[in-house]
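Student: 3D model of this:
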Amino acid sequence: GLSPDMALGKRYFLDLLASTTMNRIQAESFNGVKGDGFPLAATLAAIGSQNKDFEAVMTAHIYTVCPTAIPILPTPKHDASEEEVMTGLGMKKNKNGDFESFPQFLARTENIISFVADVQSSLPSSHNLLDGSRGAIEWLRRFIRLLPPAPAAPLPLITAPVLGAFLVGAGHMLANKYPDHFKKILTIINNE
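Tutor: Residues are numbered from 1 along each chain as shown. Model (predicted):
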């Protein structure tokens, strides 16, 4: 067994690994939608398959910086201030207290979403980090269900970039592992 000091060291290491990963994913030089996330995702999936504590730590770090990864869409109050809307979206403030630009926010969100999809698509197929491949098909179903019904309401601005980033990372796996479910979801996306 682990001594109390070793258990603290293990928790610290897992938190440091998750924090460092999130810093890397959010960096402007990271390009998740072009595949930069797969090697890192595979490594973390392997770690998660060996260490169940890592799943909760990594998931918490992801959801803290990107609520869309849950997935949820922001639903600001009708009278919400611009700051409340930006905070609800998950936009970050810089050291001066100014919000990141919308293009920076979208790029960062795409990186995180694509990384989530990369993790869910990674081997070993039995891993449970972000609920593995089962989590990918469920994430996509939930995201589609969150969207306002067409043509009554416009889609949120982040819909296309988020959906694109997710499908780039997980589309191939979903098409192979869940062909019938994936076809149904693609039909909904195409027709609605």
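Student: surely residue 151 is within a helix?
Tutor: No: remark: residue 151 does not belong to a helix; assigned using DSSP: H, G, I helix; E, B strand; the rest coil, it is coil.
Student: tally of neighbours for it?
Tutor: 7 (other Cβ atoms under 10 Å). C-beta: built from backbone N, CA, C; applies to glycine.
Student: so how far is residue 78 from it?
Tutor: 21 Å (Cβ to Cβ, to the nearest Å).
Student: with residue 179 instead?
Tutor: 42 Å.
Student: out of these two, which sits in the more crowded spot?
Tutor: Neighbour tally, residue 179 and residue 78, criterion other Cβ under 10 Å: the higher count belongs to residue 179, 10 against 4.
Student: identify the residues contacting the longest helix along the chain?
Tutor: Determined from DSSP state H, the single longest helix within the chain is helix 4-26. Residues outside helix 4-26 that contact it (Cβ atoms under 8 Å, 6 or more residues apart in numbering): 2, 30, 32, 37, 40, 44, 47, 51, 53-54, 57-58, 60-62, 65, 108, 111-112, 115.
Student: could I get the buried residue list for it?
Tutor: 14-15, 17-18, 21-22, 25-26 (16 or more other Cβ atoms under 10 Å).
Student: right, and the helix or strand after it?
Tutor: helix 37-50 (DSSP states H and E).
Student: okay, stretch 167-187 in PDB with CA atoms only?
Tutor: Output of stretch 167-187 as PDB, limited to C-alpha atoms (Å, rounded to 0.1, in the frame of the first residue of the first chain):
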ATOM      1  CA  LEU A 167     -15.900  15.100 -35.400                       C
ATOM      2  CA  VAL A 168     -12.400  15.600 -36.600                       C
ATOM      3  CA  GLY A 169     -11.200  13.800 -33.400                       C
ATOM      4  CA  ALA A 170     -13.800  11.200 -33.000                       C
ATOM      5  CA  GLY A 171     -15.700  10.800 -36.300                       C
ATOM      6  CA  HIS A 172     -13.600   8.000 -37.600                       C
ATOM      7  CA  MET A 173     -13.900   6.000 -34.400                       C
ATOM      8  CA  LEU A 174     -17.600   6.600 -34.200                       C
ATOM      9  CA  ALA A 175     -18.200   5.600 -37.800                       C
ATOM     10  CA  ASN A 176     -16.400   2.300 -37.200                       C
ATOM     11  CA  LYS A 177     -17.500   1.400 -33.700                       C
ATOM     12  CA  TYR A 178     -21.100   2.800 -33.700                       C
ATOM     13  CA  PRO A 179     -22.000   3.000 -37.500                       C
ATOM     14  CA  ASP A 180     -25.800   2.900 -37.000                       C
ATOM     15  CA  HIS A 181     -25.900   5.500 -34.200                       C
ATOM     16  CA  PHE A 182     -23.400   7.700 -36.000                       C
ATOM     17  CA  LYS A 183     -25.400   7.600 -39.200                       C
ATOM     18  CA  LYS A 184     -28.600   8.700 -37.400                       C
ATOM     19  CA  ILE A 185     -26.700  11.600 -35.800                       C
ATOM     20  CA  LEU A 186     -25.200  12.600 -39.100                       C
ATOM     21  CA  THR A 187     -28.700  12.600 -40.600                       C
END
